[in-house]
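> sequence unknown, structure follows:
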Ligand code: WAQ
Ligand code: MG
């Protein structure tokens, strides 16, 4: 199999600095490499965050035998009419999952005080709310995951009335995160100004889509991974960044 990673930006110098436009990755069979590269290029050049002037594409062969496999999280939803209502529901859902109210408040405070989107996620202790990673404004990037068989995925998700890149990528990421030892819950909303749906996910209850989690036009997104106290943060991050995980539908 081949891993294909794309990241793109606008206004930097040789890809350094500038505004992050879009990043995406796929793990595909060799015969699908070309068409996947094209679709990622297309995406970097027609993104709602802007048209990238720097695009980096990395293609690498990976071993299918060494990949871990995990099940796609089950999906449930909550309809919210406003950002405040959606975020209130997310708070309650996180507490129902087992995150303490204190840790929930710290997570919202951290996300709501961002002045620009992070590229990755913050890792917080699910009891104390203490920030455990040292990645600062960048955050921890979860990488090296995709659906195991794209066709099954499209069938199943469109049967549920879900389609589109945002859902697919978020579900795959959340499924990988939930499969990691130590994960308790995840909180996310998009950095795409037109995309107001966010989610709370957990190994316990699955992936909860919340229809409105931010104001239309807001380009600041973020993610928090809540972990159990005593989690080995180094191996947690190593799994998120490096372990190849194929998500089975
Ligand atoms: N690893 C860790 N954090 C990430 C990653 C990653 N690979 N990619 C993005 N983030 C963080 C980063 O802080 C972004 O600013 C933030 O998440 C949002 O990323 O069911 O589109 O890719 O309809 O904009 C959720 C709802 C969509 C989907 C989420 O996130 C649905 C979305 P985005
Ligand atoms: Mg985005």
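Now that the structure is in, tell me what you want to look at. In this text the structure is predicted, and so the values were computed from the model without any measurement. Residues are numbered from 1 along each chain as shown. Ligands and ions are numbered 1, 2, ... in the order given.

> hmm, stretch 241-249 touching ligand 1?
No. Among the residues of stretch 241-249, none lie within reach of ligand 1 under C-beta under 6 Å from any ligand atom; the closest is 8.8 Å away. C-beta here means a position set from N, CA and C on the backbone, and glycine is covered the same way.

> number the residues from 24 up from this point.
That works, and once the first residue is 24, the last one we named lands at stretch 264-272.

> tell me which residues are up against that stretch.
26, 50, 85-86, 89-95, 163-172, 175-176, 179-180, 194-195, 198-199, 202 (C-beta atoms under 8 Å, 6 or more residues apart in numbering).

> inside strands: which ones of the residues you listed?
26, 50, 91, 92, 93, 94, 168, 169, 170 (DSSP state E).

> how many neighbours does the third one have?
Here the count is done by other C-beta atoms under 10 Å, and residue 91 has 15 residues near it.

> partner residues bridging it?
residue 268 (DSSP bridges).

> what pLDDT does it get?
Per-residue confidence at residue 91 stands at 97 (pLDDT).

> which bits of the chain sit near ligand 2?
214, 215 (C-beta under 5 Å from the ion).

> just confirm yes or no for the helix-or-strand element of the chain with minimal mean pLDDT near ligand 1.
Averaged element by element with mean pLDDT, DSSP states H and E, the chain has its least confident helix or strand at helix 173-182 (a mean of 80). No. Helix 173-182 stays clear of ligand 1 (C-beta under 6 Å from any ligand atom), getting no nearer than 10.1 Å.

> could you chop this protein up by domain?
Structural domains assigned to the chain are 25-85, 91-271, following automatic domain parsing.

> so residue 148 bridges to which residues?
Note on residue 148: beta-bridge partners residue 250, judged by DSSP bridges.

> sorry, that was for residue 77
With DSSP bridges as the criterion, the beta-bridge partners of residue 77 are residue 32.

> ok, it - how many residues close by?
The number of residues packed around residue 77, counting by other C-beta under 10 Å, is 18.

> tell me how many other residues surround residue 233.
Using other C-beta under 10 Å, the number of residues around residue 233 comes to 24.

> torsion angles phi and psi at residue 166?
Note on residue 166: its backbone torsions stand at phi -150, psi 170 [degrees, to the nearest 10].
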